[in-house]
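Asks: quick one: sequence plus predicted model below, questions after.
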Amino acid sequence: MRNLPEYDQDKLIQLIQRGWGLKILKITPFRHVYRLETNLGIRFFKPFHLDEAKLQLIAAAKEHLIQKGFTQCIPFISTLDGKPYLRHGKQLFYLTKWQEGHPCNYDNPFELRKSIKLFAKFHTAAREFSSPTKIPDYLGEWPNIFQERFDDLKKCRETALNHAQSSCFEKFFLNKIDFYISEGKKSIALLSESQYHSVSKLAKKVFPFCHHDPVHHNILINGSNQTVLIDFDYLIQDLHLHDLASLIIRNGKSSKWNLKRCEFILKAYYETLPVTWNELKIIQAFITFPYDIWFLARARYIEKKPLSLNYCIKELERKTRFENERQVFLHKFLDLM
């Protein structure tokens, strides 16, 4: 998580007073944001580190969701001149109400169910969106994305084979990579055999968008056991199946690929937004691709990030530890419908 850069708090207080007209009683750095005690209550104040177009997109998406009846997100508080954020030099800032709560625990069935239903409601509202700026568009692009990542895996294998200083990681990696290349090839075939193109074509008529980061800490459970969706920094235009498949993968990894957990997720989601057989086959293709292995291999061999050998070995061990369970899960996945 990004740490806060050094800001002069007196200048920040002046900035907030000028931008929103608030009287600041206390300002407290809290991870990557500030907690403000003001004359109007507790507020959340954040320096935004992406570009202005992204912030405009997030503000518009939240406004759209609220207009569609999805109120389980936290809208920006407009500045005195009616803008959803404040620019000071090159830095952008925004303000919202402070939301008390704890991150969702996916291992808690009560909280998992509430979170899945939250996403189903979110996806129901996240349609017919007219973005004020360019939104990353994945809709209809899965075959290209899968193929690019599949090609990456093959490049990483070649790089590992020709590594100048072959290490124990390379031996470990090369012992595994052919299997995961075959998994990538299988996922591309499954996607090709599915109704992905027709489903995507229909979706383009309703302009759906996804949260694209459904980690547990982006769902808060407040004191009234209500769920709130936060952190919209990675919004994309895509099928709602992208978020749903990501939720299945995250819960699969944390539960040693427990099929009952997956069945629980699909049933909870279905109560609000039904999933068809064709959509389930698209999800099957998505969850078959060995994303974790691709991510680690790409970081080491293509992006050449300065990752320690020990870290890479531990990560590869962790990511492959429950592969047998994952294979049983994938084999029986369609039986859940």
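Replies: Good, I have the coordinates.
Asks: nearest residue to the middle of this structure?
Replies: Nearest residue to the geometric centre of the chain (CA atoms, centre = their mean): residue 213, 1.1 Å.
Asks: how many other residues sit next to residue 331?
Replies: Residue 331 has 10 neighbouring residues, counting by other CB atoms under 10 Å. Where C-beta positions appear, they are placed from N, C-alpha and C, glycine not excepted.
Asks: quick one: what helix or strand has it in it?
Replies: Assigned by DSSP states H and E, residue 331 falls within helix 323-332.
Asks: quick revisit: what backbone torsions are found at the residue nearest to the centre of the chain?
Replies: Backbone torsions of residue 213, given as degrees, to the nearest 10, read phi -150, psi 60.
Asks: can you check residue 230 too?
Replies: With angles defined as degrees, to the nearest 10, residue 230 sits at phi -130, psi 170.
Asks: spatially nearest residue to it (excluding sequence neighbours)?
Replies: residue 218 (5.4 Å; CB to CB, 6 or more residues apart in numbering).
Asks: can you report how many residues neighbour that neighbour?
Replies: Residue 218: 18 neighbours (other CB under 10 Å).
Asks: in this protein, which spans are helices?
Replies: Secondary structure of the chain (DSSP state H): helices at 9-20, 52-67, 109-125, 142-161, 168-193, 196-203, 240-254, 259-270, 277-288, 291-297, 309-320, 323-332.
Asks: okay, buried residues for the first one please.
Replies: Judged by neighbour count using 16 or more other CB atoms under 10 Å, the buried positions of helix 9-20 are 12-13, 15-16, 19-20.
Asks: out of the residues you listed, flag the one nearest to residue 274.
Replies: residue 20 (42.6 Å; CB to CB).
Asks: can you pull the contacts of the nearest residue to residue 294 once chain neighbours are set aside?
Replies: Nearest residue to residue 294, sequence neighbours excluded (CB to CB, 6+ apart): residue 149, at 5.0 Å. Counting by CB atoms under 8 Å, 6 or more residues apart in numbering, residue 149 touches 184, 289, 291, 294.
Asks: need the pLDDT of the first one.
Replies: Read it as residue 184. pLDDT for residue 184: 98.
Asks: contacting residues around the residue lying closest to residue 35 once chain neighbours are set aside?
Replies: The spatially closest residue to residue 35, leaving aside those adjacent along the chain, is residue 28, at 4.6 Å (CB to CB, 6+ apart). For residue 28, the contact set (CB under 8 Å, 6+ apart) comprises 34-37.
Asks: make a ChimeraX selection of whichever of those residues turn out to be buried.
Replies: Applying 16+ other CB under 10 Å to these, the buried members can be selected in ChimeraX as follows:
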select :34,36,37
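Asks: tabulate the contacts of residue 28 (a markdown table), appending pLDDT and distance to residue 225.
Replies: As requested, those are exported to a markdown table (pLDDT from 0 to 100; distance: CB to CB, whole Å):
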| residue | pLDDT | distance to residue 225 |
| --- | --- | --- |
| 34 | 95 | 27 |
| 35 | 95 | 23 |
| 36 | 97 | 26 |
| 37 | 97 | 25 |
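Asks: sorry, back to before: columns distance to residue 264 and pLDDT on top of the buried residues of helix 9-20, output as CSV?
Replies: Shown next, in CSV, are the buried residues of helix 9-20 (distance: CB to CB, whole Å; pLDDT from 0 to 100):
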residue, distance to residue 264, pLDDT
12, 45, 93
13, 47, 94
15, 46, 95
16, 44, 96
19, 45, 97
20, 43, 98
